[in-house]
Each structure stands twice: as structure tokens, then as C-alpha cells.
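Peer 1: The following block contains a protein sequence and its predicted model.
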2 protein chains.
Amino acid sequence: MKGYRVAIVGATGLVGQEFVKILLQRNFPMSSIHLLAADHTAGRKLIVRHEDIEVEEVAVDSFKRVDIAFFCAGSEVSRYFVPHALQSGTVVIDNSAAYRLEQDIPLVVPEVNVEDIKGHRGLVATPNSITIKLAVALHPLHKANPIKRIVLSTYQSVSGTNTIAIEELTVQAKQVLEGEAAIPHIYPHQIAFNVLPEIDVFLDDGYTREEWKIVKETRKVMHAGDMAISATCVRVPVYTGHCSSVNVEFTHPMLTDDAERILAQAVGVKIQDDPTISLYPHPWAVVGFDDVFVGRIRRDISHPNGLVLWLVVDNVRKGAALNAVQIVEEMIKRDWLSPRR
Amino acid sequence: MKGYRVAIVGATGLVGQEFVKILLQRNFPMSSIHLLAADHTAGRKLIVRHEDIEVEEVAVDSFKRVDIAFFCAGSEVSRYFVPHALQSGTVVIDNSAAYRLEQDIPLVVPEVNVEDIKGHRGLVATPNSITIKLAVALHPLHKANPIKRIVLSTYQSVSGTNTIAIEELTVQAKQVLEGEAAIPHIYPHQIAFNVLPEIDVFLDDGYTREEWKIVKETRKVMHAGDMAISATCVRVPVYTGHCSSVNVEFTHPMLTDDAERILAQAVGVKIQDDPTISLYPHPWAVVGFDDVFVGRIRRDISHPNGLVLWLVVDNVRKGAALNAVQIVEEMIKRDWLSPRR
């Protein structure tokens, strides 16, 4: 097949697997796919298009015959291997937090700031899943009526951690249902039938790194350096799908009808909002879908310029792999893929 | 035993059972306990102090030999039977929403507005569990630095609904773990491994009745008619324990240290806040405790006068039964129990 030679670094992880699925589902123009891993999963075989493909251990020379590499093996792996990939002339889309905030690296949500890709030097970063969701849903509103402040609380699923966390939720849920004590390994406390306000490490100011990522990455993606944002990130016993309860303060009053009209036309947004039939997005129902789902749109009765929203996204899909694939699709469409070659 | 003749209306429910437990644990001065129910559970026998007590069906003449009645059988039962109880000279503490917002009925959280009981006419109402939690934790801060606005998102457990909802979570969790479809009965969608932004019925403005209860009851308890409040109430797959992520805007800046000092001295509040050892309150760990737990205390980086808090309470205990028992204890202590007799 004619097309690009693609590599996935972190191919055996949750997001890596989603990459394979999405590339095939979208008929991404691939001539070959290289599955790479930085951990003990190297050596495994994965079936892609009815073909057994062995997962190779990522190495500094893994990228010599690779046009496009998707990195989803965490920040440490990205920090070490992305420079080698770039040196090989490979275009890299990095899902990790390693380069997101570096000034000359585009951090992109295609629906929001695709133009930022233009001057890229081989590397484009994709934001954390909550930022992707916020940017897709709020940027169209921000263009109509600049946002001054966002207060959000999240309900994040265990798939945002990794495959072992999914297993931990299952094992603990069984333990609780059988009347046994649930033993925590991945999370500091039991996650089954529980809620933990801790995602990523705590910083000195009492916020977590995840909460600061949302602040800084959202500002960068939306070109809104002054936007006031405060987040509380909470892990909930859900497998896939991240929710956020969001209070937005605009420069001028934002009528609910206007917000609905804008969101109905927004690319990548799907409104599910009919309280009379209990229609609103919830994690179980969004898994496998591409959109950012918006519901419970209402005025903020505590602020004259306020609006309240409930956002849900498949965090593994649009929150991670899909956003990266869409970035490359845009680069191909606009002939921005290989400025350096 | 010398003491009051006590009745519990709704004795077979979750909160009713908690009433029995708390009255015994606290050595409440009871000469007799009447267990009443308004549903098919009448006729059951419950063991209280090693004695079989039959649950009687509540009737208009149930209160003739009752000094104090705790109502926890829902608004309809309270609306119908509370007037009869009052007519019998019984002092009523009502856990339902039936009379909470009536102007001449005290709505009380003892730590906050015990003085409001003083002029009572036999009936004192206790607020919804989220309001109790907010009032206990925020009133001491409000006294030091008046609160202008509260934005909160909740993580509410299924015990806030009823016993059948607890069973529904268990049954659905087992169904999911066995790879079967989970069938919703109590909630409009699956609750196991899911999150639903719907508690109580939706009103025309897009808020739920639960969200408006929090606004109106918090203002009444805290004597703060102008306080701006916006809530998003969300059901999570947790058995017991309600959490809230709360952003508070004060009149003047509120230093984190000052907030901690005030909360450390506040009655009914327990601080659990040491990020270095992942210490913060979470539902699984607060069950059976009397306090409102506060953690993740930090400045709101999105507002100069803002503070962010994470609050957790046992919703069946301090969120319901305990608050009602504490109201009566205060009435006994202050000799306010029987102004009408």
C-alpha cells in the first residue's frame, strides 16, 4: 500500500492500541506500521490487518525508515527518543507532557489552533485529555465572547492512568463485592466504589501537576495567556470517559441559546442536552465516539456573565490517540508534513 | 429508663436505621422508641437494645405518646403526618425537604445557627446533606471574611437515594464484571462504573431541584440571602460518602494559612490535608465518622479572593441522622424542647 511509514512508540499500551485501531478505521495512508515499546512488552506480537507484527524495543536507530512516529509511552521515553526520531527526519506527534509547554513546539487541537502547526520543526505535541476537551468545546464560545475565567472539577476514569489501573479497578471491585478488603497498588487508596482527588503528583502550592497542565496547556492551545483557570482533578471508578463540570465566566453575558447555537455548529462537538428525557453525556455512553460531548448547558446563577457546562470525552480516543492522528491528517491535507526534508 | 418517648418515621430506611444506631451510641435519653414506617416495611421487627421491636404503620394518631419524632420517610410522608404529630404536641425534627424553606420553620445545622431553633413552634427542619457539609465547613470562614460566591461540583453516593439504589449499584457492578449488560431501574442510566450529572428532578432552568436546594438551604442556614451559589450535582458509583469540590470567593483575600487555622478550631470540622503522604478525605474512609472532613485546601489561582476546598461527609450520618439528633441534644441542653407544652 502506498503511504507513510508509521511508528507507534508505546504500541502495547492503551493509547498505543487505540492508535492502531484509529489508523485502520480512518484508512490512514500507511505503507508500513512499526510497533515499538520501551518496556517488557517488546517481543509481543500484535495482529494488525490480519498480520502478526512483532513489537520491537524502541532504540535510537528505530526511526531510520519511519516517516511519522506517534509517541505515547510517557514523558521519559519521549524525552530520550524524540530527539533521535527528529534527527532521523521523522515527524513526531508526542502524546506525552515532555515538550508540550516548550515555546517553539506547537501544542495542537486541530479544531482550535491547526495554524500553529505551520512553522513546526518536526515535532507537534498533543495536550492532555482534559485540555483537548475544554479547548474543543470552549474555543468556539471564546471566539464569540472572550472567556475570562474557568473553574472546573473533573471526574476522570482509570484508563487515564494505564492498563494496570483498569485491572486494579476490576480486582478491587470484585474484592469489595465479595466482602474482602481492597488492596491498593497503583493508586494510594482504594479506587473501587471510591473517589480520589489526586491525579499526578502534588506540587508545593497544593495543586497537582495534572491541574497545572490543564491551566497552562489550555492557555497555550487557546492563545489566551491571561485566562484565569482553576481545576480540581478527581479520579472516579470508571473505566473510560472523562467528565468535567465547568463554570465559565465570559466578558459579556452569554445566553444559553447563543451558547447552544454556537456549539451546535462547532466542529468536533456533539450536544446531548434534554433534561426532560435525562439526556446528557455520561462516560459509559461516549466510549468509542470521536466527539466532545456537551450537556447540562445552563446559565451560571452565581455570575451575570457565567455559563455552566458538563463535558464528556473518550479520553483514550479524542482525548489522546485520535487528536494526534487528526493533527497528522491536517498536516497531510495542508502539505505541512515535511518542511524539513 | 427515664427520658423521652422517641419515634422514628421511616425507621426501616437507611437514615432511619442510622437514627437508631446514633441514638444508642450517644446514649440519648429515651424511655421508649417507636419505629414507624409509611410503606410495606411496616410489620417488620427490628432489634433495638437486644429487644425485638415491631415497626408500626404510621397513622394520624401515632404521636399521642411521643415526645420527639424524627421524620426521614420523604417529603410526602412529612407533609401528611408532621401536622398530626405537631397537633399531638410532639416536637418534630424533619429530614425531608417538605418544610425546609418555610419562613417560620428553623432550618438548622447546630454548628452554624443553633439560635434559630429558639422560637420554634414544634418543628425544626434539617437541610440536605450537601448544605450541612458546606455550612459546617464554610460558616467559620464566612464569619471571618464574608463569602460572596460559591461554585461547587458534587460527587454523591448512591446511599443518598435509598437502600434500593445501593442494591442497584451492587447488582450492576456484578453484571459489568461478568460481561453482562447492566439494567437501570432506579437511575435513568447505568450507575456502576459510570457517572451521572442528575440528582432529583430537572427544573425548567436546566438546574436540578437538588442543585437549587443547595443554593436556597445554604443561604437560609448561613443567613446569607445574597450569597451567589452555583452547584452541579453528580451521582458517582460510591456506596456512602458525599464529596464536593468547592471554589469559594471571599470579600477579601483569604490566605490558606488563615483558612487552615480557622478550620482547625471549627466545631464539627476535621482537616485531612497533607499532599506529601496523599492525605485527603475520600468517601471510603469517612463512613461512620461524625465530622465534615476538609482537604486540598489551597488558594484559587483563578481569583485573588478565592480559596479551593475538598469536602467529604458521611451523608447518612452527619449529612442526615446525626444532624437531627444534634439539634434535639441542643434543644434539651438549652431547655428549648417544649415551648408549646
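Peer 2: Sure thing, it's come through. Residues are numbered from 1 along each chain as shown, chains lettered A, B, ... in the order given.

Peer 1: So which residues of chain A form helices?
Peer 2: A:14-25, A:75-87, A:110-113, A:129-144, A:163-177, A:209-221, A:256-265, A:283-286, A:322-333 (DSSP state H).

Peer 1: how about the ones you listed, which one is nearest chain B?
Peer 2: Closest to chain B of those is helix A:283-286 (Cβ to the nearest Cβ; 4.3 Å). Bear in mind the C-beta positions are built from the backbone N, C-alpha and C, glycine included.

Peer 1: possible to save the helices of chain A as a markdown table with mean neighbour count and distance to B:Asp335?
Peer 2: Shown next, in a markdown table, are these (neighbours: other Cβ atoms under 10 Å in any protein chain shown; distance: least, Cβ to Cβ, whole Å):
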| stretch | mean neighbour count | distance to B:Asp335 |
| --- | --- | --- |
| helix A:14-25 | 21 | 64 |
| helix A:75-87 | 18 | 65 |
| helix A:110-113 | 22 | 65 |
| helix A:129-144 | 25 | 55 |
| helix A:163-177 | 18 | 47 |
| helix A:209-221 | 22 | 50 |
| helix A:256-265 | 15 | 52 |
| helix A:283-286 | 22 | 53 |
| helix A:322-333 | 21 | 66 |
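
Peer 1: Check which residues of the lowest-mean-pLDDT helix or strand in chain A are buried.
Peer 2: Within chain A, no helix or strand scores below strand A:45-48, which has a mean of 90 by mean pLDDT, DSSP states H and E. If you call a residue buried by 16 or more other Cβ atoms under 10 Å in any protein chain shown, then strand A:45-48 has these buried ones: A:46, A:48.

Peer 1: Which residues does that strand contact?
Peer 2: Strand A:45-48 is contacted from outside by A:11-12, A:17, A:20, A:24, A:33, A:35, A:52-55, using Cβ atoms under 8 Å, 6 or more residues apart in numbering or on different chains.

Peer 1: Of these, which pair is most distant in space?
Peer 2: Largest separation among the contacts of strand A:45-48 by Cβ to Cβ: A:Leu24 and A:Glu54, giving 17.9 Å.

Peer 1: on that earlier part again, of the contacts of strand A:45-48, keep whichever come out buried.
Peer 2: A:11-12, A:17, A:20, A:33, A:35, A:53, A:55.

Peer 1: which one of the residues you listed is nearest chain B?
Peer 2: A:Gln17 (19.2 Å).

Peer 1: Which of the buried ones among the contacts of strand A:45-48 fall within strands?
Peer 2: A:33, A:35, A:53 (DSSP state E).

Peer 1: didn't the first one look like it was pressed against A:Leu23?
Peer 2: Yep, that's A:Ile33 we're talking about. Yes. At 7.2 Å, A:Ile33 counts as touching A:Leu23 under the criterion of Cβ atoms under 8 Å.

Peer 1: which residues are in contact with both of those two?
Peer 2: A:Val6.

Peer 1: Please identify which of the buried ones among the contacts of strand A:45-48 is nearest to B:Arg298.
Peer 2: A:Gln17 (36.3 Å).

Peer 1: Need phi/psi at the nearest residue to the closest one once chain neighbours are set aside.
Peer 2: Counting by Cβ to Cβ, 6 or more residues apart in numbering or on different chains, A:Gln17 lies nearest to A:Ala11, which is 7.4 Å off, once chain neighbours are set aside. A:Ala11 has phi and psi values of phi -60, psi -20 when expressed as degrees, to the nearest 10.

Peer 1: Now for A:Ala11: which residues touch it?
Peer 2: By Cβ under 8 Å, 6+ apart, the contact list for A:Ala11 reads A:17, A:19-20, A:35-37, A:46, A:55.

Peer 1: Okay, it and A:Arg65: tell me how far apart.
Peer 2: 16 Å (Cβ to Cβ, to the nearest Å).

Peer 1: same question, A:Ser157
Peer 2: From A:Ser157 to A:Arg65 the distance is 36 Å (Cβ to Cβ).

Peer 1: Which of the two has more residues huddled nearby?
Peer 2: Taking other Cβ atoms under 10 Å in any protein chain shown, A:Ser157 and A:Arg65 do not tie; A:Ser157 has more neighbours (28 against 12).

Peer 1: my read: the more buried one touches A:Val234, true?
Peer 2: No. With contact defined as Cβ under 8 Å, A:Ser157 and A:Val234 do not form a contacting pair (10.9 Å).

Peer 1: who's in contact with A:Ala85?
Peer 2: A:Ala85 touches A:7, A:62-63, A:66, A:69, A:71, A:92, counting by Cβ under 8 Å, 6+ apart.

Peer 1: returning to what we had before: please tabulate the helices of chain A in TSV, including the columns mean pLDDT.
Peer 2: Formatted as TSV, the helices of chain A follow (pLDDT from 0 to 100):
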stretch	mean pLDDT
helix A:14-25	97
helix A:75-87	98
helix A:110-113	98
helix A:129-144	98
helix A:163-177	97
helix A:209-221	98
helix A:256-265	98
helix A:283-286	97
helix A:322-333	98
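
Peer 1: which one of the ones you listed lies closest to B:Ala224?
Peer 2: It's helix A:256-265; of these, that one is closest to B:Ala224 (Cβ to Cβ) at 26.4 Å.

Peer 1: Can I get the closest one in PDB, CA atoms only?
Peer 2: What follows is helix A:256-265 as a C-alpha-only set of coordinates in PDB (Å, rounded to 0.1, in the frame of the first residue of the first chain):
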ATOM      1  CA  THR A 256     -27.800  29.800  26.900                       C
ATOM      2  CA  ASP A 257     -29.500  29.900  23.500                       C
ATOM      3  CA  ASP A 258     -26.400  31.600  21.900                       C
ATOM      4  CA  ALA A 259     -24.100  29.000  23.500                       C
ATOM      5  CA  GLU A 260     -26.200  26.200  22.200                       C
ATOM      6  CA  ARG A 261     -26.300  27.700  18.700                       C
ATOM      7  CA  ILE A 262     -22.500  28.200  18.600                       C
ATOM      8  CA  LEU A 263     -21.800  24.700  20.000                       C
ATOM      9  CA  ALA A 264     -24.300  23.100  17.500                       C
ATOM     10  CA  GLN A 265     -22.100  24.400  14.700                       C
END
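
Peer 1: Could you check which residue of the stretch 1-150 of chain A lies nearest chain B?
Peer 2: For the stretch 1-150 of chain A, Cβ to the nearest Cβ, closest residue to chain B: A:Arg149, 5.2 Å.

Peer 1: is it true that that residue touches A:Ala228?
Peer 2: Yes. Assessed by Cβ under 8 Å, A:Arg149 is found in contact with A:Ala228 at 4.1 Å.

Peer 1: Find the residues that touch each one of the two.
Peer 2: B:302-303.

Peer 1: Contact partners for A:Pro106?
Peer 2: Applying Cβ under 8 Å, 6+ apart to A:Pro106 gives the contacts A:113, A:116-117, A:119-120, A:124-125.

Peer 1: Can you tell me the closest non-neighbouring residue to it?
Peer 2: A:Asp116 (4.2 Å).

Peer 1: contacting residues for the one you found?
Peer 2: Contacts of A:Asp116 (Cβ under 8 Å, 6+ apart): A:106-108.

Peer 1: How about A:Leu134?
Peer 2: A:150, A:152, A:214, A:218, A:244, A:246, A:311.

Peer 1: With A:His40 instead?
Peer 2: By Cβ under 8 Å, 6+ apart, A:His40 has no neighbours at all.

Peer 1: Low-confidence regions, the stretch 201-341 of chain A specifically.
Peer 2: For the stretch 201-341 of chain A, the stretches with pLDDT under 70 are A:339-341.

Peer 1: which parts of it sit against chain B?
Peer 2: Residues of the stretch 201-341 of chain A lying close to chain B by Cβ under 8 Å from any Cβ of the partner chain are A:202, A:205-207, A:215, A:228-230, A:232, A:234, A:236-239, A:241, A:243, A:245, A:247, A:256, A:275-276, A:278, A:280, A:282-285, A:295-303, A:306, A:308, A:310.

Peer 1: Share the number of residues neighbouring A:Met30, please.
Peer 2: A:Met30 - counted by other Cβ under 10 Å - has 18 other residues nearby.

Peer 1: That one and B:Thr232: what is the separation?
Peer 2: On the measure of Cβ to Cβ, A:Met30 and B:Thr232 end up 43 Å apart.
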